[in-house]
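A.B. asks: Fold the following and give me the result.
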Amino acid sequence: MSTAPATNEIPGALALARVIAVANDKGGVGKTSVTANLGALYAQAGYRVLLVDLNRQANLSDDLGYRGADIDDQGAGLLMSLMTGKVLQAVAVPGRPNLFVVPGGKHLTDLTGVMVGRVQNHGREAMRLLASVLAPIAGEYDLVIIDTPPENTLLVDLALGTARWLLMPTRSDGGGLVGMQLLAERYIIARQINPALALLGVVLFGTSRGASAIHRDVRAKVESAFGIGASPVLTAIIGHSERIAVDGRDRGRVAHELESDAATQPAWWESLRAGTPAAQRIAPTAANVAEDYRQLGAEVLQLLAAAEGSA
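C.D. replies: A predicted model of the protein is given here:
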């Protein structure tokens, strides 16, 4: 893990000490899935968790099942806070105690234009805007996780200007690694205005668990991109399961919830006799993916505890 100045060196940093930006400049590398699954796991474990959705597609609302619900303002509240400087207003995610969200959505289409104007008027200090509206409430939560959009450097910079930690999912293919390298450049720049920012780790997402040679190659590329001596690639790997990804988003259920649903569904032969289409059954691989996320969740907490213990 890379070192960084103590968090009390920047305004509001103490309240933001448990803020994690989940980012990669490439889409489809698992950012929203990691955000949703970690958030739901930690909330189930009794942690009070806030998720901030900076994505205008608001896929987080699909993963957690609140798209179209009363709380889903499609990013209007987030946009208004950033435009006026008013403190963010978080809402409880239905059916998930301890889990809160600042929703994203279509209204964030206007946010890029807002940030262009802010940068023109205030320079890179404009990238501290999210920090200023988040800091007053961040201390109410054990963890704050920011889901970032792909290929939108201004909004990624907004998250990096706020977070204490960067968690970067990546696939092992060329696109994911290029996105990682581009983000590494943004990370170095972001530390000029947010010196407390540090790389928590890189998560291999949607990859084969046994592809050790590919994993070694990814670790080497991560070290090269971030210029650090020890590879920050986490031990936990999120294995590939397209079926579970589709099932989860269709149902608004994360991996450990699908695991529970699969354990209580009728036996396959009972479903067959009842005429239930096979596509409506949850694949048993949900248990494998759920275990991957549990291992990732535990490793992230261990890294946070180790970093805070050495501060």
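A.B. asks: For the strand or helix carrying residue 309, buried residues please.
C.D. replies: According to DSSP states H and E, residue 309 maps onto helix 286-310. Residues 286-287, 289-290, 292-294, 296-297, 299-301, 303-304, 307 are the ones in helix 286-310 that count as buried (16 or more other C-beta atoms under 10 Å). The C-beta positions use only the backbone N, C-alpha and C, and glycine is treated the same way.
A.B. asks: next one: stretch 218-229
C.D. replies: If you call a residue buried by 16+ other C-beta under 10 Å, then stretch 218-229 has these buried ones: 218, 219, 221, 222, 223, 225, 226.
A.B. asks: Please verify my assumption that the third one contacts residue 179.
C.D. replies: No: with contact defined as C-beta atoms under 8 Å, residue 221 does not count as touching residue 179 (11.6 Å).
A.B. asks: And residue 213, its phi and psi?
C.D. replies: Main-chain dihedrals, residue 213, degrees, to the nearest 10: phi -60, psi -40.
A.B. asks: How far does the lengthiest strand in the chain sit from its chain's centre?
C.D. replies: Looking across the chain with DSSP state E, the single longest strand is strand 198-207. Taking the mean of its C-alpha atoms, strand 198-207 sits 11 Å from the chain's own mean (C-alpha atoms, centre = their mean, to the nearest Å).
A.B. asks: If you count contacts, what does that strand end up packed against?
C.D. replies: Strand 198-207 sits against helix 31-44, strand 165-170, helix 174-190, helix 212-226, strand 233-239, helix 286-310, with contacts defined as 3 or more C-beta pairs under 8 Å, 6 or more residues apart in numbering; DSSP states H and E.
A.B. asks: before we move on, the earlier item: which of the buried residues of stretch 218-229 sits closest to residue 235?
C.D. replies: residue 219 (11.1 Å; C-beta to C-beta).
A.B. asks: ok, the closest one to residue 239 distance?
C.D. replies: Distance of residue 219 to residue 239, computed by C-beta to C-beta, to the nearest Å: 18 Å.
A.B. asks: A strand includes residue 108, no?
C.D. replies: No: using DSSP: H, G, I helix; E, B strand; the rest coil, the secondary structure at residue 108 is helix, not a strand.
A.B. asks: pretty sure it contacts residue 78?
C.D. replies: Yes: applying C-beta under 8 Å, one finds residue 108 in contact with residue 78, separated by 6.7 Å.
A.B. asks: so what sits against both of the two?
C.D. replies: residue 54 (C-beta atoms under 8 Å, 6 or more residues apart in numbering).
A.B. asks: where are the low-confidence patches of the stretch 101-250 of the chain?
C.D. replies: Across the stretch 101-250 of the chain, the ranges flagged by pLDDT under 70 are 173-177, 208-211, 227-231.
A.B. asks: and if we set it to 80?
C.D. replies: 151, 172-181, 206-231, 240-242 (pLDDT under 80).
A.B. asks: got the buried residues of stretch 218-229 as CSV, with distance to residue 52 columns?
C.D. replies: As requested, the buried residues of stretch 218-229 are arranged in CSV below (distance: C-beta to C-beta, whole Å):
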residue, distance to residue 52
218, 28
219, 29
221, 29
222, 25
223, 29
225, 25
226, 24
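A.B. asks: Residue 121: which element?
C.D. replies: With DSSP H and E as criterion, residue 121 is part of helix 111-122.
A.B. asks: Just confirm residue 94 is within a strand.
C.D. replies: No: counting by three-state DSSP, one finds residue 94 to be coil, located in no strand.
A.B. asks: so it touches residue 66, yeah?
C.D. replies: Yes: counting by C-beta under 8 Å, residue 94 does reach residue 66; the two are 6.0 Å apart.
A.B. asks: Same drill for the two, tell me which one is more crowded.
C.D. replies: A direct count of neighbours by other C-beta atoms under 10 Å for residue 94 and residue 66 places residue 66 higher, at 22 against 13.
A.B. asks: which ones are touching that one?
C.D. replies: Listed by C-beta under 8 Å, 6+ apart, the contact set of residue 66 reads 72, 93, 94, 101, 103, 252.
A.B. asks: and if we set it to 6 Å?
C.D. replies: Residues near residue 66 by C-beta atoms under 6 Å, 6 or more residues apart in numbering: 72, 93.
A.B. asks: Tell me the secondary structure of it, please.
C.D. replies: Residue 66 - assigned by three-state DSSP - is coil.
A.B. asks: separation between it and residue 113?
C.D. replies: If you go by C-beta to C-beta, the gap between residue 66 and residue 113 works out to 27 Å.
A.B. asks: that older thread, specify which member of the buried residues of helix 286-310 is nearest to residue 42.
C.D. replies: Residue 42 lies nearest to residue 297 out of the buried residues of helix 286-310, by C-beta to C-beta, at 6.5 Å.
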